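A.B. asks: Show me the folded form of this:
(one chain, ligands or ions: 2)
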Amino acid sequence: MKQFIETLPKIELHLHIEGTLEPEMMLHLSQKNQIPIPYQNLEEIKRAYRFQNLQSFLDVYYAGASVLCEQEDFFDLTWAYMLQCKENHVIHSEIFFDPQTHIMRGIPISRVVGGITQALKKAKEELGISSVLIACILRHLTQEEGIKALEELIPYKKDIVAIGLDSSEIGNPPSKFRELFARAKEEGFLLVAHAGEEADYTYIQEALELGASRIDHGVQCDKSEELVEFLKIHRIPLTMCPLSNYALKVTPDLTKHNLLELLRKGLCVTINSDDPAYFGGYMNTNFEAVYEALHPTKEEMRQFSLNALEASFLSYEEKEELKRKFFEA
Ligand code: ADE
Ligand code: ZN
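C.D. replies: Ligands and ions are numbered 1, 2, ... in the order given. Next up is the predicted model:
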């Protein structure tokens, strides 16, 4: 099974590029850019990676992201992730970034998008891995601040396919961003949203009402039979992240995770790594952890991957081309 997982072609739909910042790169950039972080060495960084919940993680994640300053930093970060994709047989990735985390520190958006897209282009040319970019709005900030960020993103429309919503969930429901989502849609962006990670299933319903075409996480959907039925009938993808849910205590134990049960009910469930540098592993490690805890069949493992292909923002032709890789494998 380990070998089957390693070589299974994978598509990643839920990955925060800032969440791929490995401790070594964090320390290096902190020194290079002279940005102090509250950790002196690798051990101290790793010790900080014991989280109680989403917020305790976000505090460390934003401290880490503060070391990213130059265009080359964003390039190096993204390139390192694309090399991980190669190793993990990820053939296509849809990558989140948090523009406000950088704009607020005075980093021009051109540097952020420039560095990331440069690495994505190189990955397509040299590694044969395709990708799209999704800009996430920080839900702990106001809608007004989010709209300002959205306006800065408009000139980069050709590089950014969708707008997402992330950060501290409880108390910041999708409905707080009704106008922002409407504006993003008018501008031609697709919409996605983190929902039902820690907060309850009504956040998922709200995200769908606002036009989200995929739900990031969605773990809490099973508290409503009606919602599960809706997600099934409409094939609304759930981009689930098992190691993240375990690290942030969304699930006490992966044997209790609902992702396989939801797949067996016919939902479009996918497996993703979220913030792999913080949660203990990239795509293969997530697939392996699911296998160890829940023992899905090979067909089910392949189904997670095929679901991700179906749920991706690629064109019909691009999907057909990638589908061939499943049968070569
Ligand atoms: N930002 C990065 N990772 C996140 C997660 N798992 N939930 C919400 N916001 C995030
Ligand atoms: Zn996430």
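A.B. asks: can I assume residue 191 is in contact with residue 183?
C.D. replies: No. Contact criterion Cβ atoms under 8 Å: residue 191 and residue 183 do not qualify, at 10.8 Å. Quick note: C-beta positions are derived from backbone N, CA and C, even for glycine.
A.B. asks: quick one, which of the two is more surrounded?
C.D. replies: residue 191 (23 against 18; other Cβ atoms under 10 Å).
A.B. asks: Which residues of this structure lie near ligand 1?
C.D. replies: Neighbours of ligand 1 within the chain, by Cβ under 6 Å from any ligand atom: 16, 19, 54, 61, 166, 167, 194, 197, 244, 274, 275.
A.B. asks: Helix or strand: which one has residue 200?
C.D. replies: Counting by DSSP states H and E, there is no helix or strand that carries residue 200.
A.B. asks: meant to ask about residue 12, not that
C.D. replies: Going by DSSP H and E, residue 12 is part of strand 10-16.
A.B. asks: Quick check: what element follows that strand along the chain?
C.D. replies: Toward the C-terminal end, the helix or strand that comes next after strand 10-16 (DSSP H and E) is helix 23-32.
A.B. asks: Show me the contact partners of the helix or strand that that next one is followed by.
C.D. replies: Proceeding N to C from helix 23-32, the next assigned helix or strand is helix 42-47, under DSSP H and E. For helix 42-47, the external contacting residues (Cβ atoms under 8 Å, 6 or more residues apart in numbering) are 23, 24, 26, 27, 39.
A.B. asks: Quick check: what element follows helix 42-47 along the chain?
C.D. replies: Next helix or strand after helix 42-47 toward the C-terminus (DSSP H and E): helix 54-65.
A.B. asks: That next one to helix 23-32, inter-axis angle?
C.D. replies: Put simply, helix 54-65 runs at 50 degrees to helix 23-32, going by axes from the mean of the first three to the mean of the last three Cα atoms, to 10 degrees.
A.B. asks: Please identify the buried residues of helix 54-65?
C.D. replies: Along helix 54-65, these residues count as buried under the neighbour rule (16 or more other Cβ atoms under 10 Å): 54, 57, 58, 60, 61, 63, 64, 65.
A.B. asks: now do stretch 82-99
C.D. replies: Going by neighbour count (16+ other Cβ under 10 Å), the buried part of stretch 82-99 is 82, 84-85, 88-99.
A.B. asks: before we move on, what about stretch 146-155?
C.D. replies: 146, 149, 150, 152, 153.
A.B. asks: hey, where'd the strands end up in this protein?
C.D. replies: In the chain, the strands defined using DSSP state E lie at 10-16, 90-97, 130-138, 160-166, 190-195, 214-217, 238-240, 269-271.
A.B. asks: As a markdown table, those strands with mean pLDDT would be great.
C.D. replies: Output for the strands of the chain, formatted as a markdown table (pLDDT from 0 to 100):
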| stretch | mean pLDDT |
| --- | --- |
| strand 10-16 | 99 |
| strand 90-97 | 98 |
| strand 130-138 | 98 |
| strand 160-166 | 98 |
| strand 190-195 | 98 |
| strand 214-217 | 98 |
| strand 238-240 | 99 |
| strand 269-271 | 99 |
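A.B. asks: So residue 267 versus ligand 1, what's the distance?
C.D. replies: 20 Å (Cβ to the nearest ligand atom, to the nearest Å).
A.B. asks: nope, residue 147 is what I meant
C.D. replies: Distance from residue 147 to ligand 1, by Cβ to the nearest ligand atom: 19 Å.
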